[in-house]
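A.B. asks: need coordinates for the following:
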Amino acid sequence: MQGGISNAKPVPVYSQAERQVAAQQALGLAARPMLGAPVSLTPNAPYGRGGAHLSIWKPSFVLGTADGGEVGINFWGLHNEGHVNVGFTSTPVKSTLLDCRLLSAGKITLKIYDGAKESLQAQGEQSLRENHFLLLVPGSGPGNTVSVELWPTPVTETMGLLGCGLSEVEQ
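C.D. replies: From the prediction side, this is the model:
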């Protein structure tokens with residue numbers, strides 16, 4: 001992946017304490033969020049407990065590595081408009097913190113879909129913070145399936161995925 005993005009470097013997985021600090025700073029929270037045990041999703045292990053899953057649309061490559069794999073989107077001009085999809089089951093009272101380790105030269109466009117009809121709930125753009133994409137997804141109806149799409153911006157930009165962690169935010 002480093003050949004495709006000039007400033008690419010390894011992106012470490014945050015410990016629980018590091019994720020709390022990063023989330024507080026990136027999301028402008030008054031206090032560090034209390035996080036539940038994380039669910040890890042990588043290209044080598046795209047399924048996690050509670051129905052959490054990782055999908056990649058139009059990848060240029062998928063590599064299995066000892067660290068969980070790498071996925072490249074739009075690398076070398078292949079398969080423009082590829083994106084990553086992180087899905088999980090929501091709870092009505094707890095928010096979920098999404099922490100994806102990405103490589104991208106541009107911003108990331110996000111789209112959040114929720115419920116049986118997968119209706120669009122939110123969308124926007126956000127920059128990476130030390131190559132981590134941090135997003136707090138509010139709780140929704142009991143057992144609703146939530147889908148978060150991550151797109152490179154513009155859609156022809158190169159984006160690399162190393163893995164995502166999901167943690168419920170404890171009240």
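A.B. asks: which other helices and strands does the strand or helix carrying residue 146 contact?
C.D. replies: Here residue 146, judged by DSSP states H and E, is contained in strand 145-152. Counting contacts by 3 or more C-beta pairs under 8 Å, 6 or more residues apart in numbering; DSSP states H and E, strand 145-152 is packed against strand 83-89, strand 96-104, strand 108-114, strand 132-137, strand 159-170. The way it works is simple: take the backbone N, C-alpha and C, and place the C-beta from them, glycine included.
A.B. asks: give me every residue that touches the residue nearest the centre of the chain.
C.D. replies: Of all residues in the chain, the one closest to the mean position by C-alpha atoms, centre = their mean is residue 100, 3.5 Å from it. Neighbouring residues of residue 100 by C-beta atoms under 8 Å, 6 or more residues apart in numbering: 84, 86, 132, 133, 150, 161, 163, 164, 165.
A.B. asks: with residue 94 instead?
C.D. replies: Residues near residue 94 by C-beta under 8 Å, 6+ apart: 36, 139, 168, 169, 170, 171.
A.B. asks: make it 10 Å
C.D. replies: 36, 137, 138, 139, 167, 168, 169, 170, 171 (C-beta atoms under 10 Å, 6 or more residues apart in numbering).
A.B. asks: swap in residue 133?
C.D. replies: 26, 84, 86, 98-102, 104, 108, 110, 126-127, 148, 150, 161, 164.
A.B. asks: neighbouring contacts of stretch 42-51?
C.D. replies: 13, 37-41, 52-56, 59, 61-71, 84, 86-89, 91, 101, 143, 145, 161-166, 168.
A.B. asks: that stretch - what's its average pLDDT?
C.D. replies: The pLDDT scores in stretch 42-51 average 94.
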